[in-house]
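# Build the 3D model from these lines:
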Amino acid sequence: MQQFVTVSAIIALAGAASGQVFTSQAAFDAALATSFSEDFSGNTFGGSEDFWSGNGFSMTASAVDGVDGGGGSLTLFNDVGILSTNSAVDAIQLDFTGPVQAFGGTIFASDINFAAQPGFQLIFTFSDGTSETVTTAGATDFFGYANAAGITSVTIDAPDLVDPFFGNTPNWTALSSATVGTLVPAPGAMAVLGLGGLAAARRRR
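Below you'll find the model as predicted:
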């Protein structure tokens, strides 16, 4: 029995990698072993499609309170090919099933007409406790995050721009694509696993 406990401990250690941020979709895609992607092409104006699945993965979207505070409608409001919220003070939460180790997508801050608003911030908060803040440049911005230890959800918020003289500028979170997947094992992790398997085999003799 002890040999299996030892190997399990080695596997857990190898998988406990810290998170990594991607701003290149090509680099993100190259890091994936298996994946599922959604381009939200089934969304219609005003529609509230909120569940997508494939290849052993699924994503469920919901509107939640953002950093601007409560008072939103907590409902989704989409455009053709875009996932967004009805209220500017709400954020989007995506919950995942499957062995998700990475999430990425084309994500931007938008105005009420789903047009990109460059220079606005997006705040990503992941289930592993990681929070990342990025400034968007346009509707083709890509952001990705990976953690070999696994992630189960992400909340994406686009805070309103606060101006004490001209008032707040409303800001919505918008996604035109999303991908979840598993990571290609790192060479170091494979080496550790290989040695662990060999050690266990020797103890069985």
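# what's the offset of the lengthiest strand in the chain from the middle of its chain?
Scanning the chain for the strand with the most residues, using DSSP state E, yields strand 172-183. Centroid displacement of strand 172-183 relative to its chain, using CA atoms, centre = their mean, to the nearest Å, is 6 Å.
# so residue 27 is in which element?
According to DSSP states H and E, residue 27 maps onto helix 25-30.
# center of the chain - which residue?
residue 103 (3.6 Å; CA atoms, centre = their mean).
# Sketch out the helices for the chain, chain order is fine.
Remark: helices assigned in the chain by DSSP state H are 2-15, 25-30, 187-204.
# rank the ones you listed by mean pLDDT and give me the bottom one.
Lowest mean pLDDT within the helices of the chain: helix 2-15, at a mean of 32.
# about what we covered before: any idea of the mean pLDDT in the longest strand of the chain?
pLDDT averaged over strand 172-183 gives 98.
# List the contacts of residue 120.
Neighbour list for residue 120: 109, 135, 136, 158, 159, 161, 171 [criterion: CB atoms under 8 Å, 6 or more residues apart in numbering]. For the C-beta atoms, the positions are set from N, CA and C on the backbone; glycine is no exception.
# Just list the residues touching the nearest residue to it once chain neighbours are set aside, thanks.
Excluding its sequence neighbours, the residue lying closest to residue 120 (CB to CB, 6 or more residues apart in numbering) is residue 109, at 3.6 Å. Residues near residue 109 by CB under 8 Å, 6+ apart: 116, 117, 120, 121, 122, 136, 158, 171, 172, 173, 174.
# low-scoring stretches of this protein, by residue?
Residue ranges of the chain with pLDDT under 70: 1-17, 162-167, 188-205.
# at 50 what do you get?
1-17, 190-205 (pLDDT under 50).
# can you give me the strands in it?
Counting by DSSP E, the strands of the chain are 20-22, 32-38, 51-54, 57-65, 90-97, 102-110, 121-126, 131-135, 142-146, 153-157, 172-183.
# want to throw those strands into a markdown table with distance to residue 84?
Listed next are the strands of the chain as a markdown table, based on distance: least, CB to CB, whole Å:
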| stretch | distance to residue 84 |
| --- | --- |
| strand 20-22 | 22 |
| strand 32-38 | 14 |
| strand 51-54 | 15 |
| strand 57-65 | 9 |
| strand 90-97 | 7 |
| strand 102-110 | 7 |
| strand 121-126 | 13 |
| strand 131-135 | 17 |
| strand 142-146 | 16 |
| strand 153-157 | 10 |
| strand 172-183 | 5 |
